[in-house]
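J.: sequence unknown, structure follows:
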């Protein structure tokens, strides 16, 4: 590690130690270290397979079943992924009482599996580990739907109201969840340090939260392997591996 790297790591430690109301904002980069691909990157899923728009999902039974086929085919990447050193480091900050919230663009449930209470995780893009009826809101477990799909070749409408069942993620063209957006904004206004981790900071409206923090004069840290459009707003920019950097800063294996 170079002297510059050591200095950056020490500044990271100091900022984390001095803060008591931290907001952690995470993107796909933290979960690639758990083997989950970044769908938006070149070579990622969306560069090989056109995403299904929300309106198309709603209007076409055939497209809905194609969406389920994609979800249940191939490797069980999401199901088999485990929290990594970066997730554990964030969970440590939450456990210490230093973090107000974890705002995440990820849908993989790894923050909850790392031990963070669900009410501390604000999922801007939903959660891929269960499904809901879009009409009555009843929850469906994916393993039950997988068994149904493998047996019948389709996922049936809601058993309670005959509404459309969809994974509990936010699709392209779907409105952002109002409650989560409100909670994320409230946390951003209340924080004394904002740390963006593994996000390209290009996907809005989610990327508006780190910008809002910086414009309020709150110190902002960006930890990402590649440059972001908001690097000029940050107090500290670290272009490094996420798990190792957080683990070293907090003494987490």
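T.: Perfect, I can see it now. No experiment lies behind these values; they were computed from the predicted model shown.
J.: next, the residue nearest to residue 16 when sequence neighbours are not counted: secondary structure please.
T.: Nearest residue to residue 16, sequence neighbours excluded (Cβ to Cβ, 6 or more residues apart in numbering): residue 249, at 6.5 Å. To be clear about C-beta, it is placed using only N, CA and C from the backbone, and glycine gets the same treatment. What DSSP: H, G, I helix; E, B strand; the rest coil gives for residue 249 is helix.
J.: what residues does residue 249 make contact with?
T.: Neighbour list for residue 249: 9, 12-13, 16, 89 [criterion: Cβ atoms under 8 Å, 6 or more residues apart in numbering].
J.: of these, grab the buried ones for PyMOL.
T.: Filtering these down to the buried ones (16 or more other Cβ atoms under 10 Å) takes a single PyMOL command:
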select buried, resi 9+12+16+89
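J.: sketch out the low-pLDDT regions of the stretch 51-200 of the chain for me.
T.: Judged by pLDDT under 70, the stretch 51-200 of the chain has its weakly predicted residues at 74-75.
J.: ranges for the helices of the protein?
T.: Under the criterion DSSP state H, the chain contains helices at 3-18, 28-31, 45-48, 54-59, 61-72, 77-80, 85-95, 110-113, 142-152, 178-190, 208-215, 242-250.
J.: those helices: which one's closest to residue 126?
T.: Closest of the helices of the chain to residue 126 is helix 178-190, at 8.6 Å (criterion: Cβ to Cβ).
J.: ok now that closest one, how far from the chain's centre?
T.: Computed by Cα atoms, centre = their mean, to the nearest Å, the chain-centroid distance of helix 178-190 equals 15 Å.
J.: go through stretch 70-78 and flag the buried ones.
T.: So for stretch 70-78, counting by 16+ other Cβ under 10 Å, buried means 71-72, 78.
J.: got a list of contacts for that stretch?
T.: The contact list for stretch 70-78 (Cβ under 8 Å, 6+ apart) reads 35-37, 49, 52, 108-109, 128-129, 142, 145-146, 149-150, 167.
J.: got the domain ranges for this protein?
T.: Domain ranges of the chain: 1-36+82-125+176-253, 38-80+127-169, per automatic domain parsing.
J.: how about the most centrally placed residue in the chain, nearest residue that isn't a chain neighbour?
T.: By Cα atoms, centre = their mean, the chain has its centre lying nearest to residue 106, at 1.9 Å. Once flanking residues are discounted, residue 106 sits nearest to residue 31: 5.5 Å by Cβ to Cβ, 6+ apart.
J.: for residue 212, see how far away the one you found is.
T.: Plainly put, residue 31 is 24 Å away from residue 212 if you go by Cβ to Cβ, to the nearest Å.
J.: can you check residue 153 too?
T.: Residue 153 is 46 Å from residue 212, where distance means Cβ to Cβ.
J.: do residue 65 as well
T.: Look at residue 65 and residue 212: by Cβ to Cβ, they are 40 Å apart.
J.: ok, now residue 58?
T.: From residue 58 to residue 212 the distance is 31 Å (Cβ to Cβ).
J.: what of residue 131?
T.: Note on residue 131: its distance to residue 212, by Cβ to Cβ, is 32 Å.
J.: ditto for residue 193
T.: On the measure of Cβ to Cβ, residue 193 and residue 212 end up 14 Å apart.
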